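In: Make a model of this:
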Amino acid sequence: MDQTPEIKKSTIYLTEVETLAQQILTDKESKLRLSNAQNKFREAYRALQQNFDKKSWMKLGSVYIEISTEECKNIMKNELDKVTLDIDNLHETIRDKVHKLRDLEHQPGIEGFRLKPMTAAEVKAINKGFGLS
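Out: Purely as a prediction, here's the structure:
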């Protein structure tokens, strides 16, 4: 059965919108999983900071090993930084996809949705410009 050009165009449009929406939902689920992992790393890192033993047990994969507490702290800090970076990247990806989805749906952009916080250097420069610091 031959489809008219309008039906083909509508099918392509709906497929693109639904695909993008599904990608956004998948990214949100990934962000939630990473956020839960981040919380577990934070808990473990705090527990290690309160541990004054020279050695600690750590599970790597399916194996438990005993290594120095300082090395455990370093490993946990690196993992925490990595997960935080992954969450930030996913957040940016979701933001871009939502913006693209709103464009596809011919909806206006969300005001303030793409705002980013000022860095410490920018705040310092503004304070210096106004003579506040």
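In: pLDDT below threshold where in the protein?
Out: Applying pLDDT under 70 to the chain flags residues 1-2, 113-114, 133.
In: what helix or strand is the residue most central in space within the chain on?
Out: For the chain, residue 87 is the residue whose C-alpha lies nearest the centre (C-alpha atoms, centre = their mean; 1.8 Å). Using DSSP states H and E, residue 87 sits in helix 69-104.
In: ok, and for that helix, which residues are buried?
Out: The neighbour-count check on helix 69-104 (16 or more other C-beta atoms under 10 Å) flags 69, 72-73, 75-76, 79-80, 83, 87, 90, 94-95, 98, 101 as buried. All C-beta atoms are positioned from the backbone trio N, CA, C, and that covers glycine.
In: coming back round to it: next up, the contacts around the residue nearest to the centre of the chain.
Out: Residues near residue 87 by C-beta atoms under 8 Å, 6 or more residues apart in numbering: 31, 34, 35, 38.
In: try it again with 6 Å
Out: Residues near residue 87 by C-beta atoms under 6 Å, 6 or more residues apart in numbering: residue 34.
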